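A.B. asks: fold the stuff below for me.
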Amino acid sequence: MFRVWLPLSLKIFFYSFFSKISINQVHLFINKKLSQQSNKNFSLLFSQCRVGFLYLLKFLRTTTKKREIIFCAYNLPEMINVAQKLNYSIKFCDLDKQTGFINLKDLKKKISNNTIAVVLTNMFNTYANSRELKKITDKFKINLIEDNAIYFDNYSEKKKRKLYAGSIGDYTIYSFNIMKHISALYGGAVTTNNQKFIKFYKKEKANLKSFSIFQLAKQVLIFFILKLMGVGFLFKVFFLHLIKYAHKNNIKFILKIIYPSLRFVKRKLPKYYFTRISDLSSYLIYNQLKDENIRRINFLSRKKRNQYYFKKLSKIKNKNFNIIKILDKNYQNFIDFPILVKDKKKLNEFLLKRGIEVRYKHYYNCAKMYGSNKKFVNAEKYEKELICLPNNKNIPLSYIDYIVKNIQVYYSKS
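C.D. replies: Model prediction:
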């Protein structure tokens, strides 16, 4: 079965073309929903998550002379690239080997009088982890920017009240790109209580062009290719063999379709960053946010499979295999199920031969990519060892049994 599953259905995709509601009403609805979930007063839509981050950093430059930002070293390089191109000084922190959360002891050492913000990338962390980090940023009176790109709808429960991921940072950034929980081809948002940022961006927005039709058309093509790859018969007889061939011969054109992080190159900020969100993406976000029942079904299906994976994989005892403990089944609700393996390439080849496609590429040790002289041991470990197993409502538990059985066979032989 194909690992990639897009929450955006063909029905909603085509329905969004013919929606009669005005675009202003669409934006008002989206902003209201995002503000509610992030527990903030204001929300702005952008053409991408990284574009929202770009304008947030441009705004922060107007508020202070401080120019230093701290990131977890294991991260998405596009975010680091934005900060660097805006002439911010970058500091990196390692992550905790066991939990995958940013190492807070390391973080405290990195904070200086020039630090303007810490970026919290919601990845393997719990709500309690994030609150602990917020206490530190509050103490030092610096901004906490919460990157909630892959944690949408995740929550922690306290006294029957849902505390959503994205509700902790002073600013929260969201992604609605093609493979996210809210899948709108392109799209992003920033929520905040700082009205000055809203006024700043409204002036900037007046100079932005419409989103590139060519860029959008390319993403629509990728959307249909991915949907086609998800057709069981076609995947088995054709696409699986194509993926095997691409891995074996390192055909990047094919691999970039299923691993978007491979598309990154260090470069100047492209022109399409300086554009407004397309109306099509806005309607796609609107129609998915409206359907809370479908989102709830998708959430519960991932949660169920996370727990099933964890129970089954916990039985594997091998020094070359490890899993990240799920401390909060609602908050740590992953798009794919992460595991750490010392022999990632060989395991991937073994699984592909048995018809199992996994997410081979995740994030990167960005400290190494951006020329840091210091070693970030755990960030390097996660880049080299982390792969993700398929997790969505179309994956039967029997298929998870098949995956786990083959992983057990691999490690029994090794």
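A.B. asks: which residue lies nearest the spatial centre of the chain?
C.D. replies: Centroid-nearest residue in the chain: residue 150, 3.4 Å away (criterion: C-alpha atoms, centre = their mean).
A.B. asks: which elements pack onto the least confident helix or strand in the chain by mean pLDDT?
C.D. replies: Least confident element among the helices and strands of the chain, by mean pLDDT, DSSP states H and E: helix 252-258 (a mean of 88). Counting contacts by 3 or more C-beta pairs under 8 Å, 6 or more residues apart in numbering; DSSP states H and E, helix 252-258 is packed against helix 213-229, helix 240-249. To be clear about C-beta, it is placed using only N, CA and C from the backbone, and glycine gets the same treatment.
A.B. asks: for those, give me JSON lines that also has distance to residue 43, mean pLDDT and mean neighbour count.
C.D. replies: Shown next, in JSON lines, are the helices and strands packed on helix 252-258 (distance: least, C-beta to C-beta, whole Å; pLDDT from 0 to 100; neighbours: other C-beta atoms under 10 Å):
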{"stretch": "helix 213-229", "distance to residue 43": "22", "mean pLDDT": "94", "mean neighbour count": "14"}
{"stretch": "helix 240-249", "distance to residue 43": "38", "mean pLDDT": "91", "mean neighbour count": "14"}
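A.B. asks: can you list those helices in TSV and add distance to residue 402?
C.D. replies: Listed next are the helices and strands packed on helix 252-258 as TSV, based on distance: least, C-beta to C-beta, whole Å:
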stretch	distance to residue 402
helix 213-229	19
helix 240-249	14
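A.B. asks: state the mean pLDDT of the lengthiest helix in the chain.
C.D. replies: Determined from DSSP state H, the single longest helix within the chain is helix 292-313. In this model, helix 292-313 has a mean pLDDT of 96.
A.B. asks: and the next helix or strand past that helix?
C.D. replies: For helix 292-313, the following helix or strand on the C-terminal side (DSSP states H and E) is strand 321-323.
A.B. asks: so how far is that following strand from its chain's centroid?
C.D. replies: Centroid displacement of strand 321-323 relative to its chain, using C-alpha atoms, centre = their mean, to the nearest Å, is 22 Å.
A.B. asks: tell me what that strand is packed against?
C.D. replies: If you count contacts as 3+ C-beta pairs under 8 Å, 6+ apart, strand 321-323 packs onto strand 337-341.
A.B. asks: next helix or strand past the strand it packs on?
C.D. replies: Using DSSP H and E, the helix or strand that directly follows strand 337-341 along the chain is helix 344-353.
A.B. asks: now that next one: buried residues?
C.D. replies: 344, 347-348, 350-352 (16 or more other C-beta atoms under 10 Å).
A.B. asks: okay if I get those residues as CSV plus distance to residue 319?
C.D. replies: Output for these, formatted as CSV (distance: C-beta to C-beta, whole Å):
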residue, distance to residue 319
344, 15
347, 14
348, 19
350, 18
351, 20
352, 24
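A.B. asks: quick check: the farthest pair among those residues?
C.D. replies: Taking C-beta to C-beta, the two most distant members of the buried residues of helix 344-353 are 344 and 352; they sit 12.3 Å apart.
A.B. asks: please, where are all the helices along the stretch 1-150 of the chain?
C.D. replies: Using DSSP state H, counting those that start in this stretch, the helices of the stretch 1-150 of the chain run over residues 10-15, 23-38, 49-61, 77-85, 104-110, 127-139.
A.B. asks: return the most buried member of those.
C.D. replies: Burial of these is given as mean neighbour count (mean count of other C-beta atoms under 10 Å); helix 49-61 ranks first at a mean of 22.
A.B. asks: now do that one: which elements does it pack against?
C.D. replies: Packing partners of helix 49-61 (3+ C-beta pairs under 8 Å, 6+ apart): strand 42-46, helix 77-85, strand 143-147, strand 171-175, strand 188-192, helix 195-205.
A.B. asks: other residues contacting that helix?
C.D. replies: 44, 46, 67, 69, 78-79, 82-83, 86, 88, 116-117, 143, 145, 147, 149, 171, 173-177, 188-190, 196-197, 200-201, 204, 269, 273-275 (C-beta atoms under 8 Å, 6 or more residues apart in numbering).
A.B. asks: give me the sheet partners of the longest strand along the chain and which way each runs.
C.D. replies: Counting residues, the longest strand found in the chain (DSSP state E) is strand 115-121. Here strand 115-121 has these sheet partners by DSSP bridges: strand 68-72 (parallel), strand 143-147 (parallel).
A.B. asks: that'll do, ta.
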